[in-house]
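Engineer: Show me how the following folds:
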Amino acid sequence: MKAVSVVTIKKELYHKSDQELMELVLRLSKFKKENKELLTYLLFELHDETGYIDSVKSEIDLQFSTINTNSYFYIKKSVRKILRLIKKYARYSLKKETEVELLLYFCECLKDMSPSIKRNVTLSNIYDRQILAIEKIVKTLHEDLQYDYNLVLEELKE
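Structural biologist: Alright, predicted model coming up:
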């Protein structure tokens with residue numbers, strides 16, 4: 001079965017009643033965990049972005065606390081997993097400020113991690129790439145936000 005375009009789906013949804021739309025959304029939420037997570041964000045957390053950021057930060061803390069630090073191999077796998085989660089949660093929000101906040105927090109946690117990421121090239125490269133990504137996003141934000149985020153970035157670069 002081939003999926004139709006978003007435009008076609010949008011046109012078809014105009015012809016559905018409220019009850020039919022609710023049934024479609026509920027059915028869609030049953031198929032993938034990401035669909036359910038996105039609906040949860042849109043219904044319950046969209047109005048409180050700072051609360052959402054705090055909940056994601058606590059999830060990041062939890063993930064960092066469960067990293068197996070016996071080997072850099074396991075650390076790299078776990079760090080990549082955490083980064084995938086952050087990207088997914090930032091995609092739900094669609095706000096650049098949220099993405100910057102989450103990535104900055106990730107970089108802070110990574111920098112403070114023990115054993116140091118400076119002893120591993122791959123982890124250092126992951127850290128550096130995220131700093132570059134943050135800088136790129138910050139350039140698109142309002143000047144006041146740029147100033148605030150650049151101060152935090154300078155601390156992370158030290």
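Engineer: Only C-alpha atoms, please: export stretch 90-101 in CSV.
Structural biologist: Output of stretch 90-101 as CSV, limited to C-alpha atoms (Å, rounded to 0.1, in the frame of the first residue of the first chain):
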residue,chain,number,x,y,z
ALA,A,90,12.6,18.7,20.2
ARG,A,91,10.8,17.6,17.1
TYR,A,92,7.5,17.4,19.0
SER,A,93,7.9,20.9,20.2
LEU,A,94,9.0,22.6,16.9
LYS,A,95,10.3,25.5,18.9
LYS,A,96,14.0,26.3,18.3
GLU,A,97,14.3,27.7,21.9
THR,A,98,13.3,24.3,23.3
GLU,A,99,15.8,22.5,21.1
VAL,A,100,18.6,24.8,22.2
GLU,A,101,17.7,24.4,25.8
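Engineer: Buried residues in that stretch, which are they?
Structural biologist: Buried residues in stretch 90-101, counted by 16 or more other CB atoms under 10 Å: 90, 92-93, 97-101. C-beta: built from backbone N, CA, C; applies to glycine.
Engineer: Am I right that A133 is in contact with L104?
Structural biologist: No - with contacts counted by CB atoms under 8 Å, A133 stays clear of L104, the gap being 10.7 Å.
Engineer: Give me the nearest residue to the residue nearest the centre of the chain, chain neighbours excluded.
Structural biologist: Geometric centre of the chain, nearest residue: I86, 2.7 Å, by CA atoms, centre = their mean. Among residues not flanking I86 along the chain, L102 sits closest, at 4.9 Å (CB to CB, 6 or more residues apart in numbering).
Engineer: so what's the one you found scoring on pLDDT?
Structural biologist: Looking at L102, its pLDDT reads 97.
Engineer: by contact count, what packs against the helix or strand it falls within?
Structural biologist: Here L102 is covered by helix 96-111, with elements defined by DSSP states H and E. With contacts taken as 3 or more CB pairs under 8 Å, 6 or more residues apart in numbering; DSSP states H and E, helix 96-111 sits against helix 49-65, helix 72-93, helix 121-138, helix 143-157.
Engineer: Since that was my last question, I'll sign off now.
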